[in-house]
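Participant: give me a model of this one.
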Amino acid sequence: MCKRIVLAWVMLVATVCMGAAQEGPVWIQIEAQPSLNAATERAREYASDLPDVNGFSLGGGWYGVALGPYARSDAEQVLRVYRSEGVIPRDSYIALSSAFRQQFWPIGANVLNRGVVEAPVEATPQAPTPVVEAPAPADETPAQAQRSERQLTRAEREQLQIALQWAGTYQGGIDGAFGRGTRNAMAQWQDGKGFETTGILTTQQRAVLLKDYNAVLDGLGLELVRDETAGIEIQMPTGVVAFEKYEYPFAHYTATGEIDATVLLISQAGDQTTLFGLYDIMQTLDIVPLDGPRERKNSSFVLVGEDSSRVSETRVALEDGQIKGFTVVWPAGDEDRRTRLMDEMEKSFVRTSSVIPESAGTQEQAIDLVAGLEVRKPRLSRSGFFVDSRGTVLTTTEAVNSCTRVTLDSETEAEVSVLDEARGVAVLKPTSALAPLAVARFADAQPRLQSEVAAAGFSFEGVLDAPSMTFGTLSDVRGLNGETDLARLAMNTLPGDAGGPVLDAGGGVLGMLLPEDRTGRALPDGVRFALDREVLQEVLAQAGMAAAATNSATPIDPFDLSSAATGMTVLVSCWD
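Facilitator: Prediction:
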C-alpha cells in the first residue's frame, strides 16, 4: 500500500514538473496604466532601481510594466523578496507571455521570445507553498461608486459618454454631465453586462466599459509619432503602417502587413488659394474614390471617398500660413475600427513649427503621378462627336460598355440615351450644359471611291489635350462581305480614335470610325471601317433627334476642315 502511495506521489510530481517545463518563461507584472505615456514614465522610474524591467501592450488600451523573463521558481522567489522589501506593489503577480503584446519598453527591444534571464535575487530553499487563488475584490457600493465618480475629470466623464454611445445605450450630447439620459444609458449597459442595474458605474465597471470600447483598436499598435519634417505629432497605427518617403506635400506611411492601409501626413506652407487647390487635386487621386461626402470651408476641408474595396478620409486645416492634416485609406467593411482610428488621430493631432519643403522627395515627373500618388484614370477612353448645340454625342459602344461612370472631356458626366449594340453605336447626353465649338453636319451625298477622307479622334486616349487628325482615302462604300452599312477606309488609326467622325474633303460627316477588331480578324495595316452616316441618322432618330445635313461636294481649305473636325470631336471616358 505504501509503495503504491509513493509511486503515485512520484508520478504526480513528475507531471507537475513536466507542466512547468512546458510553461516556458514567466513574468512578474507589477503595474498597468491606461495610456502609453504614463506606462512609459512608470517603466522608466522602475528601471532606475530594478533590473529586467519591460513594458508591453496588454490590449484594450492598457499597457503593463513587468519584470523578467524568469523561470517559474525564480519568479516566485523574486516576487516574495521584492514584495517584502516594498519595491514593487503588493498586488504584483506572475503572468505568462501570452498576456503580453507589442513591447514598448525598452525602446526597440523585443524579449518576448527569448529565454529566461538569471534572477536578480538569490534563491532560498523553501517548502512548496500551495497556490491559493485570491478572492475577487468586492465591487463598490453605489455610494462608493458615486464618490469615486466625483474624482473623474470632465474629459474622463465625456469619454465614458462616448463609450456608452459606442455601446449603443446613449444618444445624448457629449457634455460630461451625468443627467437622466446618461444614468439610463449606464443602467441599460449594466443590465446587458449582467451587473446590478444601479445607473452608477463602479470603478471596475468603468474599466470594463472602456476596455470594450478600446478593444477595436487592438493590433493597430497606436503610438505617438513626431514627424519633425512634416511638423506633425499624431497617434499613428505603427502596427499597420510605416514611414516610406516624403513627396511634397505628403509624408507617405504605407502598409507593412495584411491590412492594406495608407496614411498620408499633409504639410505645406500656403494660403486659402493653396488650400482650395489641394482640395481639388486630392479629388483627382486614385486613393480618393469618387463617391462620398465632401465639405470645404474657408480654412479647412473634409474629403471622404469610398468604393467597394476601400474608404479614404482626409482632414485638413489652414492655420497661420500652414496647411496641415492627414489622410487615412482603410479597407472597406471595417468601419468601427476606421472611425475610432480617425477619432484617435484627430484628438492627438498637434502642429509643430516646420512644414515639408517643396524640394522633399524624388519629384518624379509623370502625367499620371502627383506627389508620388497615382492620378485616377479611366478604364479606357475613346472618341465621340457632337451632333447638336446642347452637347449630345455619338460614340462607339466600346466607350460605354460596363462603365459605372461616363465623362466627356474627363469632366462632364454623361448618360447613355441610346445603346445600339448590334450596330456598335451609342448616343450620350451630358448631365450639364455644354457649348460645342462645332457640330457634325452629315454629307448629303456619297463621295467617289479613292477620294480623300479625314478622321478626327483622341488617338492617345487623352494624353494630348486636343484631338488629332488622320488622313486617308475611301477604299469602298461596302464592308468586306458586302455590308452596305459600312465604308472601308485606307488609313492608319489608333484605338483611341474609335467613335470619332470621318469627314469628306468638304467637311461633311461620312460616318463614325469603328474599333479595329470589329471584324474579329487580323487585317492588313491601314484597313479601317466606318459606320455609314445613314445608320447614324437612324440611331439619332431613336433618340428623337434629326441630324443636320450639308452639301459637302466642294472641298474646303484643310485648315478649316481640321478646325471643324477637331471642334466637334470629344474625349469619351469609361470609369470603373
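
Participant: okay, now the unreliable bits of this protein?
Facilitator: Counting by pLDDT under 70, the chain has low-confidence residues at 1-23, 122-138, 362-372, 518-521.

Participant: what residues are up against L303?
Facilitator: 279, 282-283, 288, 292, 294-295, 312-314, 316 (CB atoms under 8 Å, 6 or more residues apart in numbering). C-beta coordinates here come from the backbone N, C-alpha and C atoms, glycine included.

Participant: so it is in which element?
Facilitator: strand 300-306 (DSSP states H and E).

Participant: adjacent strands (with direction) for that strand?
Facilitator: Strand pairing for strand 300-306, using DSSP bridges, gives strand 294-296 (antiparallel), strand 310-319 (antiparallel).

Participant: now S389: closest residue in space, sequence neighbours ignored.
Facilitator: Nearest non-adjacent residue to S389, counting by CB to CB, 6 or more residues apart in numbering: V439, 6.1 Å away.

Participant: just give me how far the strand holding L303 sits from the chain centre.
Facilitator: Taking CA atoms, centre = their mean, to the nearest Å, one finds strand 300-306 lying 12 Å from the centre of the chain it belongs to.

Participant: rewinding a little: buried among the contacts of L303? Make that a ChimeraX selection.
Facilitator: To isolate in ChimeraX the members of the contacts of L303 that are buried, counting by 16 or more other CB atoms under 10 Å, one can use:
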select :279,282,288,312,313,314,316
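
Participant: name the nearest of the contacts of L303 relative to Q204.
Facilitator: Nearest to Q204 out of those is E313 (CB to CB; 35.4 Å).

Participant: could you check how many residues crowd around the residue nearest to that closest one when sequence neighbours are not counted?
Facilitator: Excluding the flanking residues, the one nearest E313 by CB to CB, 6+ apart is V304, at 5.0 Å. For V304, the count of nearby residues is 16 (other CB atoms under 10 Å).

Participant: still on that earlier bit, tabulate the contacts of L303 (CSV), appending distance to P106.
Facilitator: What follows is the contacts of L303, written out as CSV (distance: CB to CB, whole Å):
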residue, distance to P106
Y279, 43
M282, 40
Q283, 45
V288, 40
G292, 43
R294, 45
E295, 44
S312, 36
E313, 35
T314, 36
V316, 36
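
Participant: ok, the residue nearest to S389 to G55 distance?
Facilitator: 73 Å (CB to CB, to the nearest Å).

Participant: before we move on, the earlier item: output the strand holding L303 as CSV, nothing but the C-alphas.
Facilitator: Provided in CSV are the C-alpha atoms of strand 300-306 (Å, rounded to 0.1, in the frame of the first residue of the first chain):
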residue,chain,number,x,y,z
SER,A,300,-10.5,73.6,-43.8
PHE,A,301,-11.9,70.7,-45.7
VAL,A,302,-13.0,67.1,-45.1
LEU,A,303,-12.9,64.8,-48.0
VAL,A,304,-14.4,61.2,-47.9
GLY,A,305,-14.2,58.8,-50.8
GLU,A,306,-15.5,55.2,-50.7
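
Participant: follow-up on the earlier one: OK, contacts around the residue nearest to E313?
Facilitator: 292-294, 311-314.

Participant: run the last query once more with 6 Å
Facilitator: 292-293, 313 (CB atoms under 6 Å, 6 or more residues apart in numbering).

Participant: swap in A43?
Facilitator: 53, 55, 65, 105.

Participant: looking at those residues, spot the one nearest A360.
Facilitator: W105 (32.1 Å).

Participant: what is that closest one paired to in the beta sheet?
Facilitator: Beta bridges link W105 to G55, judged by DSSP bridges.

Participant: how about the helices of the stretch 1-150 of the chain, start to end?
Facilitator: Assigned by DSSP state H, counting those that start in this stretch, the stretch 1-150 of the chain shows helices spanning 2-23, 36-47, 72-85, 142-149.

Participant: repeat that for the chain.
Facilitator: For the chain, the helices defined by DSSP state H cover 2-23, 36-47, 72-85, 142-149, 154-167, 180-193, 203-214, 272-282, 335-348, 533-542, 558-568.

Participant: would you list those in CSV and tack on distance to L480?
Facilitator: Output for the helices of the chain, formatted as CSV (distance: least, CB to CB, whole Å):
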stretch, distance to L480
helix 2-23, 80
helix 36-47, 74
helix 72-85, 87
helix 142-149, 88
helix 154-167, 68
helix 180-193, 75
helix 203-214, 71
helix 272-282, 48
helix 335-348, 56
helix 533-542, 17
helix 558-568, 26
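
Participant: contacting residues around A456?
Facilitator: 467, 469, 500-501, 565-566, 569.

Participant: closest one to W575 among the strands paired with strand 300-306?
Facilitator: Nearest of these (CB to CB): strand 310-319, 15.9 Å.

Participant: which residue is the nearest non-sequential neighbour of F195?
Facilitator: Q205 (5.9 Å).

Participant: no wait, L265
Facilitator: Nearest non-adjacent residue to L265, counting by CB to CB, 6+ apart: A251, 4.0 Å away.

Participant: state the distance from the one you found to L222.
Facilitator: 18 Å.

Participant: how about stretch 319-333, which residues are buried there?
Facilitator: Across stretch 319-333, burial judged by 16+ other CB under 10 Å covers 322-330.

Participant: residues near K347, how many?
Facilitator: 9.
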